[in-house]
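[1] Just to be clear, the model below is a prediction. Sequence and coordinates:
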Amino acid sequence: MRLFVALNLPKKERDRIYRATKVLRGSGLSVRWIDPENYHITLRFLGNVAEDRVTQVEEALTRVATATGKIDLSVGGFGAFPTIRNPNVIWVGVEPTPSLRCLKQDLEWALKDCGFDREGRAFHPHLTLGKVDVSSRAGEFRGLDEAAAGLTYKGEMKIRKMDLMRSQVVKGGPTYSLRHRSAFAG
C-alpha cells in the first residue's frame, strides 16, 4: 500500500487557507486543486510498503513522536515548484523551524532502521494547494507570481500528532486515509 508520513492541519486552518486561495482556484488555470480535507504537510513519502512492514513503521513513528514535543508551525507565503512561472505544484509555505527540522531528521533515522533509505534532497516544508495539469500551455502561468503575492494568509498553530497516511489513486485524484496516529509528548 502507498504510505506517507504527514502533519495534518486543524480543520479551522485548512478552511482559512482554502478561503484565502479562492482567487487562485477561480483563475481558470490548468490546475487540479486539492480538496481542503486533504491539506497536509508531508514529512516523508514512503511509497509502496508491504503489509508485513507497516507495524515496524508504526512503531518507529511512535518512538519518534514520544520523544518530540508539540510542533509550532508558522504557515504563510505562496509559491510553486520548480518555479512560479513554470509550476508543477502550487503551495503555501511552512517555516522550517528547528523543531520541525529535528522532527524530520529523527524521522529519517527511525525509518532508516526500518530499511528505508534516507532522503537525499533538502527538506522544504509546504502544503500542496494544487498540481498542474501536464497538458498546460507555455505561458499559461504568466502572472501567477503577482496573484500569489497578493494573497494574504498567515497561520500559527500547534501540531500535536504525526500521522501515517494511506494514499489511494482514484479517478479525480488521490484519496487519503489515516492508517496510524502517533501523539507527540507534552
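    Done, it's in.

[2] Now do the lowest-mean-pLDDT helix or strand in the chain: everything it contacts.
    Within the chain, no helix or strand scores below helix 144-149, which has a mean of 83 by mean pLDDT, DSSP states H and E. Helix 144-149 has contacts (CB atoms under 8 Å, 6 or more residues apart in numbering) with 23, 24, 27, 29, 78, 79, 80, 84, 85, 87, 90. Quick note: C-beta positions are derived from backbone N, CA and C, even for glycine.

[3] please redo it, this time with the cut-off set to 10 Å
    By CB atoms under 10 Å, 6 or more residues apart in numbering, the residues outside helix 144-149 that reach it are 21, 23-24, 27, 29, 31, 77-80, 83-87, 90-92, 129, 141.

[4] where along the chain do the helices fall?
    11-20, 22-25, 51-66, 98-112, 144-149 (DSSP state H).

[5] who does the fourth one touch, helix- and strand-wise?
    Helix 98-112 is packed against strand 2-8, strand 40-48, helix 51-66, strand 71-82, strand 154-159, with contacts defined by 3 or more CB pairs under 10 Å, 6 or more residues apart in numbering; DSSP states H and E.

[6] Now do the same contact list for residue 182.
    Applying CB under 10 Å, 6+ apart to residue 182 gives the contacts 5, 58-66, 68, 161-164.

[7] State the pLDDT value of the residue nearest in space to the middle of the chain.
    Most central in the chain under CA atoms, centre = their mean is residue 41, positioned 2.5 Å from the mean C-alpha point. Looking at residue 41, its pLDDT is 97.

[8] so it bridges to which residues?
    residue 7, residue 127 (DSSP bridges).

[9] For it, give its distance to residue 95.
    Distance of residue 41 to residue 95, computed by CB to CB, to the nearest Å: 11 Å.

[10] hey, what's in contact with both of these two?
    Going by CB under 10 Å, 6+ apart, residues that sit against residue 41 and also against residue 95 are 73, 75, 125.

[11] tell me the pLDDT at the last one?
    So the one you mean is residue 125. 97.
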